[in-house]
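Student: Sequence plus the predicted model coming up.
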Amino acid sequence: MMTAMFGAVESGVIYAIMALGVYISFRVLDFPDLTVDGSFVTGGAVASIMITTGYDPFISTFAALFAGFLAGCLTGILHTKGGINPLLSGILMMIALYSINLRIMGKPNVPLLAEETVMTKIDTWFPSTWGILVFMLVLTLVIKFVTDLFLKTEVGLSLRAVGDNEGMIRSFSANAGWMKVLGLGLSNALVAFSGALIAQYNGFSDVGMGIGMIVIGLASVIIGEAVIGDSKIARATLAVVVGAVLYRIIVTLALRIEFLDTGDMKLITAIIVIIALIMPKVIDKQKAASRKKKRLAQLNADGGGPVA
Amino acid sequence: MLELTQIFKVFYEGTPDEKIALNKLNLSMKQGDFVTVIGSNGAGKSTLMNVISGKLVPDMGTVMIDGANMTSLAEHKRAVKIGRVFQDPMAGTAPTMTIEENLALAYNRTKKRTLSFGVTKKRRDFYREKLEMLHLGLEDRLQAKVGLLSGGERQALSLLMATFTDPKILLLDEHTAALDPSRAELITNLTKEIVAKLGLTTLMVTHNMQQALDLGNRLIMMDKGQIIFSADGDAKSDLTVEKLLAEFQKIKGGSGLSDRSLLS
C-alpha cells in the first residue's frame, strides 16, 4: 500500500507539469485544447527515440519540450489563421499527431529500461528512495514559479487578457491571434516535457500513453481549484500541482477496490471529473438552501419587514 | 488628424437584406476636434466607428489617421493610435484581472510588450496617480478584480484606460448609454474633463441629444450612411434640442415620429 502511494505521489508530481500546461490553455486562454492527448506522446516519443539513439537524456527531454511547443503552435495557427473552431483544431492536431508519433517512434512501443534516462541519472546522483521524488518536486515547483512570474509580465498579462476579454485586448493593440499561438505553444511544451519524463519514469514510451490525458489534466485543475482555490495566479498554479498529485492518489485508492482493475482507469477518471464538476454546485445549492431556511426562521421570529 | 474620404460600406450585398451602411461618407477632423455624432438606429454610426477602429474594412474609400493611410491596417495595429470606449461597460476591461493589471494592459497600447513586469512599484505609483483623476477611490483598490466593480466604475476605468496613453484619436461609442442617469452624468463630466485636459481628438456617438449639444465643438447628424447635418463652433453653441429636431424633420421631410422618439 505504502509503495503504491509513494509511486502515486511521485508520478503525480511529474503529471503536475502536464496539468500546468492544461491550466494555461484551459483556464488562462479559455481554449479547450485537445492537442494534449497527442503532444504528451510526442514528448515521450521524441525523448525515447533520442535516448535510444544515444543522446543525453536531459538534451532529449528538452528536445521533447520544443516538439510540444511546435505542436501547440500548429493548433493555434489552425485556429487563428485557418479560422477553425478551438475544439476542432485540437482534435485535428491530436489525430495528426497520432500518426506523427508513430513515425517518430517507428513502432508502437519503445522500451527504455536498458537505457540511461533522467531517472537513472538522478538515481546515481542521489542514491535514495526519495531522490526522484525530491528532484521532480523541485523541478515542478520551479516550473510553477516561472509560470507565475511569466503571467505577470507584459506578455503574460496580455495572454491572460486574451482569455478574459479578447475584444478589449485587441483595442489595446495586442495581436490576440499570435498570443493564442504562443499560449498554446507554451502549454503543449509543458505537456510534452511531462510526457518525456513520464516515459523515462515508466521505462517505455507507448503510442497510446496519451489517451485521455486532457481529461486527467482537467481533473487535476478542477480538483486543485476545489481544494486550494484560485483567487490569485500563484494560488491557482499551486492548486493545479496539488490537484495532479491528489488525482493520482484517488486513482490509486480506487484501484485498491477488488472489483476494479487497471482497465477501468479511464472510467474512474471520467467519474472523478464528473464528481469534481458537480459537487461544488451541489454544495453551493445546499448552502443557499440552508441560508434561506435560516432567513425564513428569522422572518417568522421578528414578524417580517413593513408591508407597503 | 482624421480624414475619411468616400467611405462606402454595404452589408449582405446582392441579397434582399442588402443594406448600405455608409454611403460615400466624407469626414475630416482637425487636431483637438471633439465631434459628437447623432442619428437614429441604422444611420451608420456604429459602422463609422468600426471602419475607423479597423474592426471593419470599407468596401471603398480611405481612412487616414495622423497622415498615414490605415484603410486596411489590422485592428490591433491601428489601436496604437486609437483609444476606444465601448457601450457595454463589460467590454473595455478584463474582469478576472485586477485594476492595476488592467491599467498595465492599457499602458502597453503604444509600446511593444516585453517580458518585464506589467506592474512594478514605479508603475503602480503612476497608475495610482492616474486613478485619482476619477475621484472614485479606485486608487485604494489597485488589487481588486475589475469584475467586482460596478458598471459605472468599470466604465470610468475604461475611459481612463483608453485615454491615459494619449491616443491620436479617441472613439466613444455611446459609452454612457448603459448607465443610470447619475452615473452617466459622472462619465460625461469625466469625459469632458479628460478630453479638455489632454486635448484629445475625439469622436463620440450618442443617442442623447442634450449630451451631443453639451460636449464637443462640432456636431454631426447621420442618416442612411451619410452626414446630413453638421454644425461647428458658434453654430453648434446656438443649437438646442428643439432646433435639432426641427432640422431633422426638415431634412427627413417630416416623416418620422418614430425617429423623433428615438432621438430624444
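Tutor: Nice, thanks for sending it over. Residues are numbered from 1 along each chain as shown, chains lettered A, B, ... in the order given.
Student: Which secondary structure state does A:Met94 sit in?
Tutor: helix (DSSP: H, G, I helix; E, B strand; the rest coil).
Student: list the contacts for the residue lying closest to it once chain neighbours are set aside?
Tutor: With sequence-adjacent residues excluded and distances taken as C-beta to C-beta, 6 or more residues apart in numbering or on different chains, A:Met94 is closest to A:Gly38, at 4.2 Å. Placement of C-beta: from N, CA and C, glycine included. By C-beta atoms under 8 Å, 6 or more residues apart in numbering or on different chains, A:Gly38 lies in contact with A:Ala71, A:Met93, A:Met94, A:Ile95, A:Ala96, A:Leu97, A:Tyr98, A:Ile100, A:Asn101, A:Gly210.
Student: Need phi/psi at the last one.
Tutor: The phi and psi torsions at A:Gly210 (degrees, to the nearest 10) take the values phi -100, psi -10.
Student: OK, contacts around the residue lying closest to A:Val241 once chain neighbours are set aside?
Tutor: Counting by C-beta to C-beta, 6+ apart, A:Val241 lies nearest to A:Ala16, which is 4.3 Å off, once chain neighbours are set aside. Contact partners of A:Ala16, counting by C-beta under 8 Å, 6+ apart, are A:Thr140, A:Lys144, A:Ser194, A:Ser220, A:Val240, A:Val241, A:Ala244, A:Val245.
Student: what do you get for A:Lys121?
Tutor: A:Pro57, A:Phe58.
Student: do you know how far it is from B:Gln249?
Tutor: With distances taken as C-beta to C-beta, to the nearest Å, A:Lys121 is found 86 Å from B:Gln249.
Student: before we move on, the earlier item: relative to A:Val9, which of the contacts of A:Gly38 is nearest.
Tutor: A:Gly210 (21.8 Å; C-beta to C-beta).
Student: Strands of the chain, start to end?
Tutor: In the absence of a named chain, this looks at chain A. Per DSSP state E, chain A carries strands over the ranges A:109-111, A:204-206.
Student: Chain B was what I was after
Tutor: Using DSSP E, strands in chain B cover B:2-11, B:19-29, B:34-38, B:60-65, B:68-69, B:82-85, B:169-173, B:201-205, B:218-223, B:226-232.
Student: Pull out the buried positions in stretch A:56-63.
Tutor: Using 16 or more other C-beta atoms under 10 Å in any protein chain shown as the test for burial, stretch A:56-63 gives A:Pro57, A:Ser60, A:Thr61, A:Phe62, A:Ala63.
Student: make that stretch B:238-250, sorry
Tutor: Neighbour-count burial for stretch B:238-250 [16+ other C-beta under 10 Å]: B:Leu239, B:Leu244, B:Phe248.
Student: do stretch A:212-229 as well
Tutor: Buried, per 16+ other C-beta under 10 Å, within stretch A:212-229: A:212-226, A:228.
Student: of all those residues, which two lie farthest apart?
Tutor: A:Gly212 and A:Ile228 (23.5 Å).
Student: need the helix or strand of chain B with the lowest average pLDDT.
Tutor: helix B:257-263 (a mean of 53; mean pLDDT, DSSP states H and E).
Student: I figured A:Asn175 hits B:Ala79, correct?
Tutor: No. Judged on C-beta atoms under 8 Å, A:Asn175 makes no contact with B:Ala79 at a distance of 10.0 Å.
Student: what about those two, which has more around it?
Tutor: Each of A:Asn175 and B:Ala79 has its neighbours counted (other C-beta atoms under 10 Å in any protein chain shown); B:Ala79 has more, 23 against 20.
Student: Let me see the contact set for that one.
Tutor: B:Ala79 neighbours (C-beta under 8 Å, 6+ apart): A:Arg170, A:Ser171, A:Phe172, A:Ser173, B:Ser53, B:Gly54, B:Arg109.
Student: how many other residues sit next to the nearest residue to the second one once chain neighbours are set aside?
Tutor: Nearest non-adjacent residue to A:Ser171, counting by C-beta to C-beta, 6+ apart: B:Arg84, 4.7 Å away. Burial measure for B:Arg84: 28 neighbouring residues, criterion other C-beta under 10 Å.
Student: so what's B:Arg84 bridging to?
Tutor: Partner residues in beta bridges with B:Arg84, using DSSP bridges, are B:Leu171.
Student: Give me the pLDDT for it.
Tutor: Reported pLDDT at B:Arg84 in the predicted model: 93.
Student: Quick one, grab the pLDDT at the residue nearest to A:Phe66 when sequence neighbours are not counted.
Tutor: Nearest in space to A:Phe66, with sequence neighbours left out and distances taken as C-beta to C-beta, 6+ apart, is A:Ala189 at 7.1 Å. Note on A:Ala189: pLDDT of 97.
Student: now the one 10 residues further on
Tutor: In the predicted model, A:Ala199 carries a pLDDT score of 95.
Student: contacting residues around it?
Tutor: A:Gly43, A:Gly44, A:Ala45, A:Ala47, A:Ser48, A:Val110, A:Leu112, A:Ser205, A:Met209.
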